[in-house]
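**Student:** Need a 3D model of the following:
(one chain, ligands or ions: 1)
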Amino acid sequence: MTPDPPNPATLLCRARHGGTVPPVHQLPGSILSRILVTPSGCWEWQGARHPLGYGYVRWEGKRWYAHRLVYTLTVGPIPHGLLVLHHCDNPPCCNPTDLYAGTQADNMRDMVERNRWGGSRSLPSGERHWSHRTPNRIVRGEAHGQAKITAADVRDIRASHDDGESLRSLARRYKLSRPQIKRIVTGQAWAHVKEDTVA
Ligand SMILES: [Zn+2]
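**Tutor:** Numbers count the residues shown, from 1 in each chain. Presented below is the predicted three-dimensional model:
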């Protein structure tokens, strides 16, 4: 077996985390090639992005959020019902050491901590975690007069559902009924929104 070539991500990670290196070598080249290691240590996804910054990627026939895929490939399966959250508050980041599986409550606590320590400067502006973007669910130019969600939301709903999020959870998150979510997921509603179009 040939050793993996030195990976800048590995080196940076080693520097930041005192030797605790996630097994980046498990990441296939097609994923690694779309990751840019920033000076801060974040691994920023260079492929398709959700409007809020999260990376999108197709992997083995499924759509994934890039950070959830990298977490799964390096750390392991995401425990049922948990979200993959960012310690670094940087949506495109896929660095497994910046990611953790947690609940919505963990996410809220993390945000409070960040604000306490970082002051207002660290408040995320426009790139908040998806679960905190209710104010962004403003209908902007969506043709349907009664639309409560945007095309970007539709793509997120479908991708999240593919990724294992339940209809109930999605319904709660988007303040829609479960049947409404189901119609979106099955394509009965919003059929014109194509899955891989990134806004
Ligand atoms: Zn990061």
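**Student:** Flag every buried residue along stretch 55-69.
**Tutor:** Within stretch 55-69, the residues that count as buried by 16 or more other C-beta atoms under 10 Å are 55-58, 63-69. All C-beta spots, glycine's among them, are computed from the backbone N, C-alpha and C.
**Student:** same question for it, mean pLDDT?
**Tutor:** Regarding stretch 55-69, the rounded mean pLDDT is 92.
**Student:** Does the ion have contacts with that stretch?
**Tutor:** No: applying C-beta under 5 Å from the ion, one finds stretch 55-69 out of contact with the ion, separated by at least 8.9 Å.
**Student:** so is E113 in a helix, a strand, or just coil?
**Tutor:** Counting by DSSP: H, G, I helix; E, B strand; the rest coil, the backbone at E113 sits in helix.
**Student:** Check what pLDDT it gets.
**Tutor:** What the model reports as pLDDT for E113 is 75.
**Student:** And it, how close does it get to D89?
**Tutor:** Between E113 and D89 the computed distance is 10 Å (C-beta to C-beta, to the nearest Å).
**Student:** for V185, same thing?
**Tutor:** Separation of V185 from D89 (C-beta to C-beta) stands at 29 Å.
**Student:** end-to-end on stretch 182-193?
**Tutor:** End-to-end distance of stretch 182-193 (C-alpha to C-alpha, to the nearest Å): 15 Å.
**Student:** Residues in contact with it: which ones?
**Tutor:** Contacting residues not belonging to stretch 182-193 are listed as 151, 154-155, 157-158, 161, 167, 170, 176, 180 [C-beta atoms under 8 Å, 6 or more residues apart in numbering].
**Student:** Okay, buried residues for stretch 45-58 please.
**Tutor:** 45, 47-58.
**Student:** Mind checking which of E113 and D89 has more residues around it?
**Tutor:** Between E113 and D89, counting by other C-beta atoms under 10 Å, D89 is the more crowded of the two (20 against 11).
**Student:** any idea which element the more buried one lies in?
**Tutor:** For D89, there is no enclosing helix or strand under DSSP states H and E.
**Student:** ok, now I31?
**Tutor:** Secondary structure from DSSP H and E places I31 in helix 29-32.
**Student:** After that helix, which helix or strand is next? Please name it.
**Tutor:** Criterion used, DSSP H and E; the element after helix 29-32 is strand 35-37.
**Student:** the domain parsing of this protein - what is it?
**Tutor:** Listed by automatic domain parsing, the domain ranges of the chain are 8-137, 142-186.
**Student:** Turn those domains into a markdown table, including distance to H192.
**Tutor:** Below are these laid out as a markdown table (distance: least, C-beta to C-beta, whole Å):
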| stretch | distance to H192 |
| --- | --- |
| domain 8-137 | 18 |
| domain 142-186 | 8 |
